[in-house]
Structures are given as C-alpha cells and as structure tokens.
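**Q** Test case, fold it:
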Amino acid sequence: MKINFPITLTAADTNKRTISGTIVTWNERGNTSAGATIFEKDSIDFGKAIKLLLEHDRTKPLGKLVDITATKTGLDATFKLAKTFAADDALEEAATGLRDGFSVGVMVEDWENEDGVMKISASKLMEVSLVTEPAIESARVADVAATDTPTENSEATAEDTTTQEDKVSDTTSEAPIATEAVEAAKTEPVAVAATQPVAYTKPRSPINSKATYLEHHIRAALGNEDSRQYVMAADTTSNNGAFIPTPQSTEIINGIANADRGFIDALSRQALPASGMTFEIPKITTAPTVAQANEEAALSETDTASSFVSVSVKKFGGQQTFSVELLDRSSPVFFDELVRQMEFAYAKATDAYVAAEVANNGVLNATTQAQSATGLIAYVSSAAAAVYKGTLGFARNIIVSPEQWGAIMGYAESSGRPIYTASNPQNAGGAVTPTSLRGNVAGLELYVSRSINGTGNTGLGDYSIVVVNPDSYTWYESPRLSLRTNVINTGQIDVNYYGYGALATKIAAGANWFNLT
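**A** This is a model prediction of the structure:
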C-alpha cells in the first residue's frame, strides 16, 4: 500500500543546486492520500536511490537524494537537483515560497488504526516530491542555491573544445578521406574554366542491408573510393531511413485519466477500520427536551434515544495481465507507470461511487433558477440555509460539474468585469480560475468533479451543483494494495490493484443538489 505524506521544506541552496529539509516528522499527525496518518519513530526504511519528483509525477524527476539522516524528531534529507529547466524552476519556486513543500511517497508494510488515524510502524521510502501544499506549516525553505560559477562553465567549454580537436586529429591520421575533406575546406582560390561543366552522377549503390552498409563502410575507411561514394549516397535520411533509429521519449501522454477526486475531497475523511465489511456509528435519534415549568409542576421529560448508522465497506479494484517478457525486457519504468495508471482508474471509480451515493441520499432542491450569476447566488443562499436547518451545521463546500465551473468563470457584472475571476481585492464575489479545480464561490470552498455529470432523477446533470456540510458525509478508506502473482502454465503475470472504502451518510440533509438550467 502506497501513500503520500506532505511536509514543508526547511532549506534549499541555489548556489549548490541543493534542497534540504525535514521530509517526515515522527509522531506528528498529517494528512496523506489515505487520510489522517502518523509515522512512528524510525518507521521508514530508506535507501540511496531515491529521486526527487515534481508533485509525485514519475515522468518529471528533478534530482536525487544525496544525504539522509534519521534524528530523534524525523528524517532530514538533502537532494541534488539536475541541470534542467524544470529543476531551475523548482529552485526558484522553493526560494520564493511558491512551491516549498516536501511530500514523501512510501510503501506501507505495517500499520494499525488508532481512533481513525493510520499509525504506521514500518514502511519503505519510494520517492520524495516537491509540492505546493504542505501538511505542516512550521518547516519552510531556509536557503536555496542554483547557479553554476562562470569558471565551471569556462572549464567545460575548454574541455569540449579540446575533445573535438582530438577527434579531428585522430580522424586525420587514420582516414585519408578525412584529410582530403580538411584540405578542400581551405580558403585558397581555385580557378575553374567557365567552359568546363561540372557534372555529378549518383552511383548505383549496392548497399541494401545493414550488412552491406557495414562492408562498404569498412572498405571506404581503407581507401576504396567506390565504397566511399556508396556510403555517402546511403548516408541520407531519404535514401537510407531504415538504418536511422527512431528514438522514443520517456514522456508519456495521458489525456484520459488522472487522480483527481473532487467529490471525495469535498467531504470529511477518516481511515477505514482495520477489520469487518460493515461497521456502525452511534447516532442520536431523539434529544432530551427542556420546557418552561411552573412552581411545583412536573418537569418536561423526553428520554434520549439513539440508534446505529450501519456503513457497508466496498471493495474497488482492477487487474492487469501481461507477459513476463514484457516485464523483464521493457523499460524499468513500465511497472511504476502501470501502477500509476491503475491508481488513476481507482480514483475515478471511487469518486464516481461517492457522487452517486450522495446523490441518492441527499436532498434534491426543486426550485427553479436561471443559469446566471443571480441564479447561482439565489441557489447558494437557499441551499446554505436548508443545510443548516437540516443538520444544525454549516455548509462549507460547493461541488460543481466542469460545465458549471466554466459557466461560473464567465459570470460578469453589467460593466463586463468578471465576478469570480477578477484579481482586484474590491471584488469580493469569490475566486475561480481556469488553472485550478479549487476556488471560492459566495463564501463556500469550490471543488470541481467530473463525477457529477449525468442525467436522471438524482439531480445530476451537465450544470449540477451540490452545496454540502462535509461533516454530514464521511469517506472511510484503506490504503491501496497491490498483489502480483504468476500464472504457472503461461508465465504471465497478474497484477491486482485494489482498496476498500465506505461512505457514511450521517445526515442526509447535509447535501443539497441543484441543476441550474
């Protein structure tokens, strides 16, 4: 089971191109991809081959671990960044406090549930990432270093120049053809008779395979003029494209899946109990009463009553089957990317499940409002009041479909000034941007979720909105697990990626659904 635990950088050095900080603090509660989590002292095993990534994206490495120390309070680490544009940007962002958080990715080996908190006693460090949202505010960047000295650049340039001269000198001594080419490049004038035409006929090349190409390449090096011309004719991309390899980038394009879970993020979260496929939560169904009483009169009596909310645990999983040859002979990042894509699928499935459950259990707002800024404000006002009335708790979050997100960004005043995308502080309508799935609308935290698109009597639709009290719905989740087994008769490998989750509907009136039309 793999989880990500964010924390904040404490130091970065722009001169040495290093970033340092406490990547984990022992026995301090933080929020991970599995919910509330605590790492016990010395609960993380680490090696030296640890990469520093950008936002847990394995296709965007920034550097590698050069030093790590276990202290009484946590793990302190230093990373050396590569000389890339991405690493330059990371150092600048760390130095200016734009992206100054650490987040560790660990494979959990032993843990227990303690009052809804995942308490880890054994795990293995897989990677560390630079992130924008740390869980602990106390650790910040203290020093950043990223520039190389001019002396180093000059030495590198001189070294490269010397190497190139050495290569030319070696080629001249071993290949007479190269000598002729150098001499022909001299700037001495050459007289050519105007009446003497210059003609060139391309030779009929016997090179038709890699073997014949190698043969004539060797003959040309030994001084055979015909072979030299054959090789020259073959050394073009148009005539001999089969001999030119096509490199493949390690970058992977994926426009169909990601790990966004906007609906789940808008609800309260807790770790799933360690056992059982159902669990119960006590709930008060009848509260005691107090009433005005006359002297010597009997007091009002209403006994407190309670029941249990039964919560079903659901399993979410997927399977991939591939040959052992693919695993053995493919790129080393194949298996990591496979697990990453299965995590994307897991996120999509769990978010869609939670959205459907809340839609079935929540309250559908039957009022009619126009698809406009005025209609949005009118709905939010009525929905917030309805949520408070039904739960005695405040609505704090608003979840919208991507279409509704786009509509909100387009709402403007009569003068044409955007209401929710304006940067001027005097505009207090909220903050919604096209580069973030988080924002603020009419005082509610905005979340965008693809899971609430659809049709039917559930309140789901292209322009659906959900105003929610997050305490009314809680998503309980276990860490994700992976199981790899071999198929004996075929030599194939089965990889199962799965986890368990449960949605507790504590107070159904805490979710108010609406579809602006």
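**Q** Enumerate every residue touching residue 268.
**A** Residue 268 makes contacts with 470, 471, 473, 474, 475, as judged by CB atoms under 8 Å, 6 or more residues apart in numbering. C-betas here are computed from N, CA, C, even on glycine.
**Q** Equivalent analysis for residue 217, please.
**A** Counted by CB under 8 Å, 6+ apart, residue 217 has contacts 227, 231.
**Q** swap in the one 3 residues further on?
**A** By CB under 8 Å, 6+ apart, the contact set of residue 220 is 177, 227, 228, 230, 231.
**Q** What residues sit buried inside whichever strand or helix holds it?
**A** Residue 220 belongs to helix 210-221 when assigned by DSSP states H and E. Buried residues in helix 210-221, counted by 16 or more other CB atoms under 10 Å: 213, 215, 216, 217, 219, 220, 221.
**Q** Also stretch 32-50?
**A** Neighbour count says stretch 32-50 has 32-40, 43-44, 46, 50 buried, by 16+ other CB under 10 Å.
**Q** again with stretch 53-68
**A** 53, 54, 56, 58, 59, 61, 62, 63, 65, 68.
**Q** which among these gets closest to residue 479?
**A** residue 56 (15.2 Å; CB to CB).
**Q** Quick check: that closest one touching residue 132?
**A** No: applying CB atoms under 8 Å as the test, residue 56 and residue 132 come out as separate, 11.8 Å apart.
**Q** Would you mind writing the CA trace of stretch 79-98 as CSV?
**A** Output in CSV follows, covering the C-alpha atoms of stretch 79-98 (Å, rounded to 0.1, in the frame of the first residue of the first chain):
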residue,chain,number,x,y,z
PHE,A,79,18.6,16.5,-2.7
LYS,A,80,20.9,17.5,-5.6
LEU,A,81,19.0,18.9,-8.5
ALA,A,82,19.8,18.3,-12.1
LYS,A,83,20.8,21.0,-14.6
THR,A,84,17.5,21.1,-16.3
PHE,A,85,14.9,23.9,-16.9
ALA,A,86,12.4,22.1,-14.7
ALA,A,87,15.0,21.9,-11.8
ASP,A,88,15.8,25.6,-12.3
ASP,A,89,12.1,26.4,-12.0
ALA,A,90,11.8,24.2,-8.9
LEU,A,91,14.7,26.0,-7.2
GLU,A,92,13.2,29.4,-8.0
GLU,A,93,9.8,28.3,-6.7
ALA,A,94,11.3,26.9,-3.5
ALA,A,95,13.4,30.1,-2.9
THR,A,96,10.3,32.4,-3.3
GLY,A,97,8.0,30.2,-1.3
LEU,A,98,5.7,29.3,-4.3
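**Q** Please report the distance of residue 303 from residue 468.
**A** Separation of residue 303 from residue 468 (CB to CB, to the nearest Å): 32 Å.
**Q** picking up where we left off before, might you specify the subset of the buried residues of stretch 32-50 located within helices?
**A** Using DSSP state H, the subset of these located in helices is empty.
**Q** Could you export those as CSV, including pLDDT and distance to residue 436?
**A** Compiled in CSV, the buried residues of stretch 32-50 are given as follows (pLDDT from 0 to 100; distance: CB to CB, whole Å):
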residue, pLDDT, distance to residue 436
32, 73, 21
33, 68, 19
34, 69, 24
35, 74, 23
36, 79, 24
37, 85, 25
38, 87, 29
39, 88, 29
40, 91, 35
43, 90, 34
44, 90, 31
46, 85, 33
50, 90, 29
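**Q** quick one: which of those residues is nearest residue 109?
**A** residue 43 (9.2 Å).
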